[in-house]
Structures are given as structure tokens and as C-alpha cells.
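Undergrad: below are the sequence and a predicted model; questions follow.
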Amino acid sequence: MFHHITVLKEEATEGLHIKKDGIYVDCTLGGAGHSSLIASKLSGEGRLICLDQDDWALNNAKEKLAEYGDKVVLVKTNFRDLEYVLRDVPFVPKKDGVPQVDGILFDLGVSSPQFDEGERGFSYNHDAPLDMRMDQSGMLTAADIVNTWSEQEIARVLFQYGEEKFSRRIAGRIVARRAEKTIENTGELVELIKEGIPAAARRTGGHPAKRSFQALRIAVNDELGAFEEGLHGAVRCLAPGGRVSVITFHSLEDRICKQILSSYVSKCTCPPDFPLCVCGAEGSLKLINRKPRLPSEEELELNSRARSAKLRIAEKL
């Protein structure tokens, strides 16, 4: 079992407007906090499908969700394959071959145990092999990136996915070190990152390796590409009136979420002085909250990791 504080648990679940006999999908099982709450609101006719690519999360959920029996189905997969998974679930209705469910949830935060338990290589506070794979059967590791990718590619990853201002300096340090010896552990990488950041900058903005570790994790797991595919799939698989709740934790994710959801909203092209729409523009979503919902002060006091969380909700028309 592992301990993980679920962020925006009540708000994201309430946003789904759960029907007792509905079919719901938790695309990011994690510590099963959202799944537990969703399952508790379902009748014997309702169903919850939980997706995760992490064996640790799935094994934990087998125990944590055991009381709900056949009401809950666990599937090991990346949520980018959401639509394909739902096509194979017999109790999910289909319309023109496309699965139809009543609600889908994404919580893009990495589970606290993945940070806190050092052996996975996600944490800059523990020395461990440079891994960072969510799915241990995946081929690419953080060690592969820092030891084989070009200096330009490493700098691009650190800047694009971590918004690291000193990405070029850090990449230069990495490439210089690997010319002498292979970089194998997180501790080695942390020291190289610190060397690449000026002393004055290291004293502000939290741990100096935070942005670079985030960037490498995103690159190893293709998190942004998977999220784009998964969210488009979610919109397709929602039944009319169904909702999607998405919790993001950094600006790159939130920007993708906002842009994708907005792309499905009707864009009326009629002049503003027309009393009625005559252009015929039709959207497939309506936004439940124009601006993202943020954690309450009470939640922030209990869990500082919730500070950057944003919740966006949309409904299928």
C-alpha cells in the first residue's frame, strides 16, 4: 500500500455529475483516491474503469478497491489508448462503433510515492538509478537521454518541458561529464544541474533540479503527447451530457487542456449585433468553468503539492 493525498478530490468528482448507474473512467488511477470516491457513488448497475500503466498503482488498487467487486475494472494501459480500451469493454455501449461513457477523469499529477520512494528515479532528493519510467516495460529511460541524446536535444527538452532558463548550460555540463564517464544515478545528475545554474539563481525558486527532473520525466514518458491523444479520445467517447474533469499541475499541461477543450466549443461567426446565431456553427462541448478551479486554502494547508493544480471541466453536447 502507498500513501498519496489526492488533489481536488471532491471538486473533480463533483464535476462529473455522477449518475448512480453510469459508466465512468478514471484515466489516472494513481493512489485510487478519485476512483474510491467515484465507486462509492455508484449503484450495483454503475461501472468504473480504471486505467494506469504503473504496476505499483494497479496492485495497490486491487486492495483499496476490492470492496466494490465487479463494479470496478482495472486495466494496465497508457491513457492515450483510452478509446481502443473502451472498444473492448463489453458493457460499454457503442454509437457508430465509438464507445459512449458518462464521465472521464484525468489527474495528471505524479503520485507522491513515485517522488518519495527513491528507487524509481523520479526524485532529486534520493540517489537512485536514472530511470523515470512510469511503465517499467517502456524502453526509454532518463539515463538514455542524458547519455546518448545530443547536447542540443537535451537543452531543448529541459527548456521546452521544464521551462529551465539555464538549459544550455546544464546540457553542456551533462555532455562534458558523460565524455568522462556514464551518468548513472540521480545524485550525479543533480550535481551537474547545480553546476549549470548560477549560484544566485540556485538560492531562489525551490530545488534547482526540480525543473530539469520534470522535463526528463515528461520526455521519458511522452506525457504531453499521451495527454493530447487521450483528451481527444475522451471527448469522442463521452455520451451526450457526459463530462470530462481534468486536473493539471503545470502550465504546459494546462495550456494543452485549455486549447483542446476550447477547440470543441462552438465558434459563432455572426456579427455581434445579430439577435440570433445564423451561421450554423456547432460545437460538441460546453465549458463548465471558463476559468480553472483552484485548490482551497484549506487544501493547500494540508498538501503543499496542490498549489499548482488547476481543474477544468467540460460537458458533451
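TA: Cool, the structure landed.
Undergrad: would you map the helices across this structure?
TA: 9-14, 33-40, 55-64, 82-87, 112-116, 142-148, 151-162, 167-178, 186-196, 199-202, 210-221, 223-237, 251-263, 297-302 (DSSP state H).
Undergrad: who's in contact with the longest one?
TA: To tie it back to what came earlier, the one meant is helix 223-237. Identification of contacts with helix 223-237 by CB atoms under 8 Å, 6 or more residues apart in numbering yields 25, 27, 78-80, 82-83, 86, 98-101, 104, 106, 108, 161, 217-218, 244, 246, 252-253, 256-257, 260-261, 264, 284-285, 314, 316. No exception for glycine: its C-beta is placed from N, CA and C like everyone else's.
Undergrad: how about 6 Å then?
TA: For helix 223-237, contacts defined as CB atoms under 6 Å, 6 or more residues apart in numbering pick out 78-80, 82-83, 86, 98-99, 101, 104, 244, 256, 260, 264.
Undergrad: same check, this time on stretch 76-89
TA: Contacts of stretch 76-89 (CB under 6 Å, 6+ apart): 27, 51, 53, 58, 75, 92, 99, 226, 229-230, 233, 237.
Undergrad: what's the first-to-last distance across that stretch?
TA: Across stretch 76-89, the terminal residues are separated by 13 Å (CA to CA, to the nearest Å).
Undergrad: ditto for stretch 244-258
TA: 12 Å.
Undergrad: quick check: buried residues in stretch 297-313?
TA: Of the residues in stretch 297-313, 299, 303, 305-306, 308-313 count as buried by neighbour count, 16 or more other CB atoms under 10 Å.
Undergrad: next, format those residues as JSON lines and append distance to residue 192.
TA: Formatted as JSON lines, the buried residues of stretch 297-313 follow (distance: CB to CB, whole Å):
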{"residue": "299", "distance to residue 192": "35"}
{"residue": "303", "distance to residue 192": "31"}
{"residue": "305", "distance to residue 192": "25"}
{"residue": "306", "distance to residue 192": "30"}
{"residue": "308", "distance to residue 192": "25"}
{"residue": "309", "distance to residue 192": "30"}
{"residue": "310", "distance to residue 192": "32"}
{"residue": "311", "distance to residue 192": "36"}
{"residue": "312", "distance to residue 192": "36"}
{"residue": "313", "distance to residue 192": "41"}
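Undergrad: quick one, what contacts the residue nearest the centre of the chain?
TA: Geometric centre of the chain, nearest residue: residue 108, 2.1 Å, by CA atoms, centre = their mean. Residue 108 is in contact with 248-249, 253, counting by CB under 6 Å, 6+ apart.
Undergrad: same deal with residue 91?
TA: residue 47.
Undergrad: for residue 41, see how far away it is.
TA: 18 Å (CB to CB, to the nearest Å).
Undergrad: swap in residue 169?
TA: Distance from residue 169 to residue 41, by CB to CB: 50 Å.
Undergrad: so among the contacts of stretch 76-89, which ones count as buried?
TA: 27, 51, 53, 58, 75, 92, 99, 226, 229-230, 233, 237.
Undergrad: show me which of those residues is closest to residue 128.
TA: Within those, proximity to residue 128 (CB to CB) peaks at residue 53, which comes in at 19.6 Å.
Undergrad: on that earlier part again, hey, least reliable of the helices of the chain by pLDDT?
TA: When the helices of the chain are ranked by mean pLDDT, helix 112-116 comes last with a mean of 58.
Undergrad: excluding chain neighbours, what is closest to residue 289?
TA: residue 313 (5.6 Å; CB to CB, 6 or more residues apart in numbering).
Undergrad: ditto for residue 156
TA: residue 167 (7.6 Å).
Undergrad: the one you found and residue 155 touch, don't they?
TA: Yes: with contacts counted by CB atoms under 6 Å, residue 167 reaches residue 155, the gap being 4.5 Å.
Undergrad: for stretch 265-276, measure first residue to last.
TA: 17 Å.
Undergrad: circling back: and the residue nearest to residue 156, what does it touch?
TA: 155, 158-159.
Undergrad: dump these into a markdown table; add distance to residue 120 and neighbour count as well.
TA: Output for those, formatted as a markdown table (distance: CB to CB, whole Å; neighbours: other CB atoms under 10 Å):
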| residue | distance to residue 120 | neighbour count |
| --- | --- | --- |
| 155 | 25 | 21 |
| 158 | 20 | 28 |
| 159 | 24 | 18 |
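Undergrad: just the closest of the residues you listed to residue 143, please.
TA: Looking across those and measuring by CB to CB, the closest to residue 143 is residue 158, at 15.6 Å.
Undergrad: ok, the residue nearest to the closest one when sequence neighbours are not counted to residue 95 distance?
TA: Counting by CB to CB, 6+ apart, the nearest residue to residue 158 once its immediate chain neighbours are dropped is residue 167, at 3.7 Å. Counting by CB to CB, the gap from residue 167 to residue 95 is 46 Å.
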